[in-house]
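Asks: Give me coordinates for this.
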Amino acid sequence: MASAKKTTKIDKQIIITKYMQYVLDYEHYPKSVYKFCKDVKIKEEDFYKYFGNVDALIRSVWNEFFSNTHQVMLDNKEYENFSSREKMLTFFYTFFELLKMNRSFVLFDLDTDNDSLKKMKKLSGLRKQVREFAAKLIEDDNEEKQYKLTQRPVTLFAEGAWIQLVFLLKFWIDDDSADFEKTDMAIEKSVNTIFDVFDNTPLDSIIDFSKFLWKEKSFWN
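Replies: As a prediction, this is how the structure comes out:
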């Protein structure tokens, strides 16, 4: 008696993986849910369990980049004992390691949209997650400060973390150094600078970071 053929259960992660492979193979975004599902051989009903339309799928990838990064950090047993500065460094290092594993997709995804408003809409979910992550770090730090005067402004720091990620993303896209070592340097210097600014000891770090940017002035071209 022949055994029944085992079928793979389609979940959100499988759909996202198939989508990322799809855009690299065809070099364009799916035109419709029907066409996408037909090409990657999944049922439309499985697609609609997780996404309402193609745009929702497109936006979900960057949310997954953040979620996967966050999970990797939490899986590190030492993470909870890190300082806020160390947690922020860990986030950026881990996030860009994940992007490195998916660089071809990231370059396609950010290059094919010339409309900056479309890009920002695509990254809107990521922006919300990054701001919430940064805000929580500062809120935790502020709880330990005895005087309100020494507390960091949460909203300003959260927005600064997002601007910092956008800067680093552009830097990483243009980085042609071996194993993106210049991006690692930019992460370390930019995180230390922003924390030093909020700790009221900015001068040395700002000068150091400014020198680094001047050496890498091709970034601005």
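Asks: for the chain, which spans come out with low pLDDT?
Replies: Of all residues in the chain, those with pLDDT under 70 make up the ranges 1-7, 112-118, 144-152, 198-221.
Asks: how about a cut-off of 80?
Replies: Applying pLDDT under 80 to the chain flags residues 1-8, 112-120, 141-153, 194, 196-221.
Asks: Could you pull out the helices in this structure for me?
Replies: In chain order, the chain shows helices spanning 12-26, 33-40, 44-47, 54-75, 84-101, 103-111, 116-122, 124-143, 154-174, 181-198, 203-215, with DSSP state H as the criterion.
Asks: Including mean neighbour count, could these go into CSV?
Replies: Glycine gets a C-beta too; all of them are placed from N, C-alpha and C. Shown next, in CSV, are the helices of the chain (neighbours: other C-beta atoms under 10 Å):
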stretch, mean neighbour count
helix 12-26, 16
helix 33-40, 16
helix 44-47, 15
helix 54-75, 16
helix 84-101, 18
helix 103-111, 15
helix 116-122, 13
helix 124-143, 17
helix 154-174, 17
helix 181-198, 19
helix 203-215, 13
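Asks: what's in contact with stretch 160-168?
Replies: Applying C-beta atoms under 8 Å, 6 or more residues apart in numbering, the contact partners of stretch 160-168 are 88, 92, 95-96, 126-127, 130-131, 133-134, 183, 186-187, 190-191, 194.
Asks: And these, which is closest to residue 169?
Replies: Closest approach between the contacts of stretch 160-168 and residue 169, by C-beta to C-beta: residue 96, at 8.4 Å.
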